[in-house]
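# Model the structure of this input:
(2 chains)
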Number of protein chains: 2
Amino acid sequence: MAEPLRIALAGLGTVGAGVIRLIESNGALIAQRAGRPIEIVAVCARDRSKDRGVDLSRFEWEDDMTALAGRDDVDVVVELVGGSDGPALALARNALKGGKGLVTANKAMIAHHGMELAELAEGAQVPLKYEAAVAGGIPVVKGMREGAAANRIERIYGILNGTCNYILSQMEDSGRDFGEVLKEAQELGYAEADPTFDIEGIDAAHKLAILASIAFGARIDFNAVEVAGISRVLAADIAQAEALGYVIRLIGLADCETLEDGTRRLFQRVQPYLVSRDHPLATVDGPTNAVVCEGNYSGRLLFEGAGAGDGPTASAVVADLIDIARGDRSAPFSIPVGLLQSLEPAETGHRRNRTYLRFTVADRPGVLAEITAAMRDAKVSIESLIQQGRPEEGGEVFVVMVTHGGPESGVTKALELLEGSPSLTDAPLVMRLLG
Amino acid sequence: MAEPLRIALAGLGTVGAGVIRLIESNGALIAQRAGRPIEIVAVCARDRSKDRGVDLSRFEWEDDMTALAGRDDVDVVVELVGGSDGPALALARNALKGGKGLVTANKAMIAHHGMELAELAEGAQVPLKYEAAVAGGIPVVKGMREGAAANRIERIYGILNGTCNYILSQMEDSGRDFGEVLKEAQELGYAEADPTFDIEGIDAAHKLAILASIAFGARIDFNAVEVAGISRVLAADIAQAEALGYVIRLIGLADCETLEDGTRRLFQRVQPYLVSRDHPLATVDGPTNAVVCEGNYSGRLLFEGAGAGDGPTASAVVADLIDIARGDRSAPFSIPVGLLQSLEPAETGHRRNRTYLRFTVADRPGVLAEITAAMRDAKVSIESLIQQGRPEEGGEVFVVMVTHGGPESGVTKALELLEGSPSLTDAPLVMRLLG
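Have a look, this model is predicted:
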């Protein structure tokens, strides 16, 4: 059998320990499939003494990540340190500049610095792979880079954050409100102590920006992703959606439009959507992720599985290592980074959608007239409207409506007309309908 | 840009024409992603004069497939002729022996001759790829060979035949019986004039045998697949399943069990199953395919998409070509064919399942007692039982039961006890429950 692929592993959290366990338990199988063994040579983490449930004695220990990346006996560095900048980025740069391959699960780093790292990798002719950075154990980067490679991809969308999906499906099942379910999710380990990145959609936006680059041959533009999280979704919204035949899911969606002069514009949005109950994403419950890729020949492809966790993430990391061991040297973002286009963000006003709007209003005469007048003046056509009192008398009232399909600019204008109105006691919640 | 990958295309049916259209319309994109153009050099089909809606004038025409495979100006032969033996197999052998790569959509040929062809390919160090042979446009061969490559795969199962799935979901939606829906499916082009391969499960068995080889490192053993089709499923079965919270789907399922002495045994079954309504496969409707792969680290991965059609199939064929153009030379069945094990078929008697049984019986006293006595004597525990008369008085009656979980040998024994009983006017229908 050929020479082993020699690995240096930085970061020994749950995923790092998972990678070690996986390579140990499935080592023989991996060597057969990869054509050669995959061998961890050296590891590095902050605290050497911590018990991680795996035997580290067979690996060289490095206290310093620069030294780890500089080792002569290493072919590929696996970066599981995390964080978009700082030590992870320094390690990644050092590894690639030193002519070593890089495998990472770090979505924030790839979303912010993927183009620079791809340039380094292509310059040094070494692999850069990041399957585990998007949707955990699901081979969706591979599915899009390779499985759908023959297609002009028309749209990608999916459930990219397991924490949000867990919270939303729990709210759905139990009728409880966001805060309560979040607290429980934190206790169960489905949400971080500081859940901001997850619940505000940032994590999903990182993943969407990465996938959009592959799908549309565009330079990653994380800052252009329009992001809204799920913290403003109420149990009442979920109940209303259900009554209409929908579930609420945090969806990342991207497509690419071509203007009349041939210029392309990139649309990227992360937002809670109402997903029709008969859509395959509607049955994706709990911490599961699912991504749809619509190709002009393949039609709709769906990839679904565990979006996080040490096992699934380790599975994706080691799949990348097997690809490298097998000789894969294709461009990190499917086409050489120099050919990726810088695309301006798409305008959204002309995009046609059915839209769910929830207004929280004072319970007094004339409020409904005010809202419906704004809709009329903005030429937004209302498909259904429900006014629902809150339990306490004289308190706030919800006015929920779903519009007919129409341009987003109409809804935007209506909301502008209502801005500052004393009738509205909270900012309206706006969600689009999918499927 | 590097030299083009030069293709000879044999077979110009709908898929062949689809491949030509795809390479024409997405050619620039494909060249970027593959790192070089993919160029069709020569084509071959039975009838040169037939109008296929594509311009063939730019390609060399060969009347003879042997000549096609022998051309010096070709790197890869794409076989879209079909049929497990005959001209397709001769072409495949010629191509590989002549040192050319082979891409095929031919599931029957791979299921019957995949091992021989893989030996030829590995011997000649040329690629053999067959993504389009399994589940149309879904990159499930890739997903399993590469995406899940780090895992010991514990089970694979899925909806592998679009015709059956279309028929079953139509029966479900309309309440009509099999024959009527089949006829409509034939008129709509979802079923062949001779639908035997599809409706009797042969086509699904081809695909399952191929996937099982990749998943379990086993030599393909198509003849060992236990196969039952859907032609005996009645509208009444679908209604009963629905009442119990299930839908009926033709499922291919394979796993690998390890005996005490370490010997592995391969289980492969294609059969209509009752699929729980909350299982992701239950919402797979129409001609869609979906495959689940359960890895020991990845957990459950689901791949879903169009299982047939010229566009999706062409998408898979060209994805294989792009992989080849990018330099992929990994083993056709993930590990070298010489390492694939010949596995004996698993015994099934000890497998534990809940089972749906439908008896068609004469409407006279004592029949129910006879059936339930057989169940008792075979130690099969009944979870629920419904007796349902057919409309006409004194006619046949359905007795439908679902067993508690128990070994399959129990159900087999009960059916043996009932064999030849004059009370049964038709062979019982046996379906297992999934999920």
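
# gap between stretch A:19-39 and the chain center?
Here the centre of stretch A:19-39 is set off from its chain's centre by 28 Å, with CA atoms, centre = their mean, to the nearest Å.

# and that stretch, is it in reach of chain B?
Yes. Shown here: stretch A:19-39 in contact with chain B (CB under 8 Å from any CB of the partner chain) through A:Leu22, A:Ser25, A:Asn26, A:Leu29, A:Ile30, A:Gln32, A:Arg33, A:Ala34, A:Gly35. Glycine gets a C-beta too; all of them are placed from N, C-alpha and C.

# Which members of these are the farthest-apart pair?
A:Ser25 and A:Gly35 (19.5 Å; CB to CB).

# The two: which has the busier surroundings?
Set A:Ser25 next to A:Gly35 and count neighbours by other CB atoms under 10 Å in any protein chain shown: A:Gly35 wins out with 18 against 13.

# My read is that that one contacts A:Arg326, right?
Yes. Counting by CB atoms under 8 Å, A:Gly35 does reach A:Arg326; the two are 6.0 Å apart.

# overlap in contacts of those two?
Counting by CB atoms under 8 Å, 6 or more residues apart in numbering or on different chains, the contacts common to A:Gly35 and A:Arg326 are B:Ser330.

# Correct me if wrong, but A:Lys413 is in a strand.
No. Secondary structure assignment places A:Lys413 outside any strand; it is helix (DSSP: H, G, I helix; E, B strand; the rest coil).

# That one against A:Ala378, yeah?
Yes. Counting by CB under 8 Å, A:Lys413 touches A:Ala378, with 3.9 Å between them.

# Need the pLDDT of the residue nearest to A:Arg277 when sequence neighbours are not counted.
In space, and not counting its chain neighbours, A:Arg277 is closest to A:Gly245: 5.2 Å by CB to CB, 6 or more residues apart in numbering or on different chains. Note on A:Gly245: pLDDT of 94.

# repeat for the one 3 residues further on
With respect to pLDDT, A:Ile248 scores 98.

# same deal with A:Leu188?
89.

# Let me know how buried it is, in neighbour terms.
A:Leu188: 11 neighbours (other CB under 10 Å).

# Just confirm A:Val134 contacts A:Ala105, I think it does.
No. The criterion here is CB under 8 Å, and A:Val134 misses it with A:Ala105 at 9.4 Å.

# quick one, domains of chain A?
When chain A is parsed with automatic domain parsing, its domains come out as A:5-133, A:140-308, A:352-434.

# okay if I get those domains as a markdown table plus distance to B:Leu234?
Formatted as a markdown table, the domains of chain A follow (distance: least, CB to CB, whole Å):
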| stretch | distance to B:Leu234 |
| --- | --- |
| domain A:5-133 | 44 |
| domain A:140-308 | 25 |
| domain A:352-434 | 36 |
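
# so of those domains, which one's packed in deepest?
domain A:140-308 (a mean of 22; mean count of other CB atoms under 10 Å in any protein chain shown).

# what separates that one from the chain centre, distance-wise?
6 Å.

# Stretch A:315-329 now?
22 Å.

# In it, which residues are buried?
Across stretch A:315-329, burial judged by 16 or more other CB atoms under 10 Å in any protein chain shown covers A:315-326, A:328.

# Grab the most central residue of chain A for me.
The centroid of chain A falls nearest to A:Ala204 when counting by CA atoms, centre = their mean (2.7 Å).

# which is the next helix or strand following the strand or helix carrying that residue?
If you go by DSSP states H and E, A:Ala204 is part of helix A:202-216. Next along the chain after helix A:202-216, taking DSSP H and E as the criterion, comes strand A:226-227.

# Reformat the residues of stretch A:19-39 next to chain B as JSON lines; add pLDDT and secondary structure.
Putting these into JSON lines (pLDDT from 0 to 100; DSSP: H, G, I helix; E, B strand; the rest coil) gives the following:
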{"residue": "A:Leu22", "pLDDT": "98", "secondary structure": "helix"}
{"residue": "A:Ser25", "pLDDT": "97", "secondary structure": "helix"}
{"residue": "A:Asn26", "pLDDT": "98", "secondary structure": "coil"}
{"residue": "A:Leu29", "pLDDT": "97", "secondary structure": "helix"}
{"residue": "A:Ile30", "pLDDT": "98", "secondary structure": "helix"}
{"residue": "A:Gln32", "pLDDT": "97", "secondary structure": "helix"}
{"residue": "A:Arg33", "pLDDT": "97", "secondary structure": "helix"}
{"residue": "A:Ala34", "pLDDT": "97", "secondary structure": "helix"}
{"residue": "A:Gly35", "pLDDT": "96", "secondary structure": "coil"}
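
# out of those residues, who's nearest A:Tyr273?
For the residues of stretch A:19-39 next to chain B, the nearest to A:Tyr273 is A:Leu22 (34.5 Å; CB to CB).

# could you list every residue that touches the closest one?
A:Gly311, A:Ala314, A:Ser315, A:Val318, B:Ala150, B:Tyr297.

# Chain neighbours aside, what residue packs nearest to it?
A:Ala314 (4.5 Å).

# which phi and psi does the residue of chain A most remote from its centre have?
Distance from the C-alpha centroid of chain A peaks at A:Pro365, with 43.3 Å (CA atoms, centre = their mean). Dihedral angles phi and psi of A:Pro365 (degrees, to the nearest 10) take the values phi -60, psi 150.

# Could you report the separation of it from A:Glu154?
48 Å (CB to CB, to the nearest Å).

# try A:Leu250
For A:Leu250, the distance to A:Glu154 - CB to CB - is 22 Å.

# circling back to that earlier point, nearest to A:Gln268, out of the buried residues of stretch A:315-329: which one, please.
Among these, and counting by CB to CB, the member closest to A:Gln268 is A:Ala316, at 22.6 Å.

# can you pull out the strands in the stretch 251-400 of chain A?
A:264-276, A:288-295, A:299-306, A:344-345, A:352-353, A:355-362, A:382-389, A:396-403 (DSSP state E, counting those that start in this stretch).

# Redo those as a markdown table? Include mean pLDDT and distance to A:Leu5.
A markdown table is the format used below for the strands of the stretch 251-400 of chain A (pLDDT from 0 to 100; distance: least, CB to CB, whole Å):
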| stretch | mean pLDDT | distance to A:Leu5 |
| --- | --- | --- |
| strand A:264-276 | 98 | 35 |
| strand A:288-295 | 98 | 28 |
| strand A:299-306 | 98 | 25 |
| strand A:344-345 | 98 | 40 |
| strand A:352-353 | 96 | 48 |
| strand A:355-362 | 96 | 50 |
| strand A:382-389 | 88 | 57 |
| strand A:396-403 | 93 | 54 |
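
# Enumerate every residue touching A:Val76.
A:Val76 touches A:Leu5, A:Arg6, A:Ile7, A:Ala8, A:Lys100, A:Gly101, A:Leu102, A:Val103, A:Pro127, A:Leu321, A:Ile324, counting by CB under 8 Å, 6+ apart.

# Make JSON lines out of these and add distance to chain B and pLDDT.
JSON lines is the format used below for the contacts of A:Val76 (distance: CB to the nearest CB, whole Å; pLDDT from 0 to 100):
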{"residue": "A:Leu5", "distance to chain B": "13", "pLDDT": "98"}
{"residue": "A:Arg6", "distance to chain B": "17", "pLDDT": "98"}
{"residue": "A:Ile7", "distance to chain B": "13", "pLDDT": "98"}
{"residue": "A:Ala8", "distance to chain B": "18", "pLDDT": "98"}
{"residue": "A:Lys100", "distance to chain B": "20", "pLDDT": "98"}
{"residue": "A:Gly101", "distance to chain B": "16", "pLDDT": "98"}
{"residue": "A:Leu102", "distance to chain B": "18", "pLDDT": "98"}
{"residue": "A:Val103", "distance to chain B": "12", "pLDDT": "98"}
{"residue": "A:Pro127", "distance to chain B": "12", "pLDDT": "98"}
{"residue": "A:Leu321", "distance to chain B": "8", "pLDDT": "98"}
{"residue": "A:Ile324", "distance to chain B": "11", "pLDDT": "98"}
